[in-house]
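[1] structure of the sequence below:
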Amino acid sequence: MANASLVDDSLEATADPHLTDAELRIVKESIKVVVENYNSEGRIPRAPGTTRKNLKNRLLLTMGQMKEYKVPATRWRKDRGRKVYLQVLKACPHLFLAFVAAVAPTVCHRLKDDNIQTLIQDNEVEPLRLRLNADAKDFLNSVATEGKFANDQRYLGLVSSLFPEERLDCEGAGLLKSSAIRHDTGMMFGE
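    Model prediction:
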């Protein structure tokens, strides 16, 4: 995951308020590296230790109650990070997890809307799909339970896109079955 940290470190220290084409290529490559790493293991890596911690914090920032969670960024950058993460989640849920793993909230303020659209369009042309196992699903569900967004439609759509072949147990985790999720966007999840 060395390339993913490049997005965190080098891109936030730049004086230019927007990403250059070269920096956008770094973001794209970092997302691909995350997908390759996750797919090679079938799960969200436990090492390095900050991988799950960062992902948890970014999921809580995106769908949790912001005032309860501390993410090392200014309030403005947190808000911008949340906005960008939600934009990606809404437009391309199967890309979301890799995106938040690769792109720190402090870098999100440098992403313009057309940068985000480019990432999404590129993914439509050359789709990146995560193939995760039950361990990854358990991790996501534990974060959702902790953040009190386990029944949030955005989260359920994310889980449905990442695990389209499985039905979620209504009773066990307090989640709705994936078949009960409305997909009015016309998007196919997990394809």
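[2] and the helices in the protein?
    2-9, 21-41, 50-63, 75-91, 93-102, 105-108, 113-125, 134-147, 153-162 (DSSP state H).
[3] just checking, Asn123 touches Ala98?
    No. Counting by Cβ atoms under 8 Å, Asn123 does not reach Ala98; the two are 9.3 Å apart. Where C-beta positions appear, they are placed from N, C-alpha and C, glycine not excepted.
[4] got TSV for the helices of the chain, with mean neighbour count and mean pLDDT too?
    Rendered in TSV, the data for the helices of the chain read as follows (neighbours: other Cβ atoms under 10 Å; pLDDT from 0 to 100):
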stretch	mean neighbour count	mean pLDDT
helix 2-9	17	45
helix 21-41	17	91
helix 50-63	20	91
helix 75-91	18	90
helix 93-102	25	93
helix 105-108	26	88
helix 113-125	14	89
helix 134-147	17	94
helix 153-162	21	95
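[5] OK, contacts around Asp135?
    Neighbour list for Asp135: 42-44 [criterion: Cβ atoms under 8 Å, 6 or more residues apart in numbering].
[6] of those residues, select the buried ones using a PyMOL command.
    PyMOL command restricting these to the buried ones, with burial defined by 16 or more other Cβ atoms under 10 Å:
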select buried, resi 43+44
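[7] ok, Ser142 - contacts?
    So, once contact is read as Cβ under 8 Å, 6+ apart, Ser142 ends up touching nothing.
[8] separation between it and Arg154?
    Per Cβ to Cβ, to the nearest Å, Ser142 is found 17 Å from Arg154.
[9] what do you get for Leu111?
    Taken as Cβ to Cβ, the spacing of Leu111 relative to Arg154 amounts to 19 Å.
[10] kindly report the same for Asn54.
    The separation that Asn54 has from Arg154, given Cβ to Cβ, amounts to 20 Å.
[11] swap in Val34?
    In this structure, Val34 and Arg154 are separated by 20 Å, where distance is defined by Cβ to Cβ.
[12] repeat that for Lys32.
    Applying Cβ to Cβ, the value for Lys32 to Arg154 is 24 Å.
[13] repeat for Ala101
    Using Cβ to Cβ, we find Ala101 at a distance of 17 Å from Arg154.
[14] surely Ile116 is in contact with Leu86?
    No. In terms of Cβ under 8 Å, Ile116 does not count as a neighbour of Leu86; the distance is 10.9 Å.
[15] quick one, what contacts the spatially most central residue of the chain?
    Here the mean C-alpha position of the chain is nearest to the C-alpha of Leu97 (Cα atoms, centre = their mean), at a distance of 2.7 Å. The contact partners of Leu97, taken as Cβ under 8 Å, 6+ apart, are 38, 55, 130, 158, 162.
[16] mind telling me the two of those farthest from one another?
    Between any two of those, the greatest separation by Cβ to Cβ is 14.3 Å, found for Tyr38 and Leu158.
[17] hmm, back to that, in JSON lines, list the contacts of Leu97 along with distance to Asp138.
    Listed next are these as JSON lines, based on distance: Cβ to Cβ, whole Å:
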{"residue": "Tyr38", "distance to Asp138": "15"}
{"residue": "Leu55", "distance to Asp138": "13"}
{"residue": "Leu130", "distance to Asp138": "15"}
{"residue": "Leu158", "distance to Asp138": "15"}
{"residue": "Leu162", "distance to Asp138": "12"}
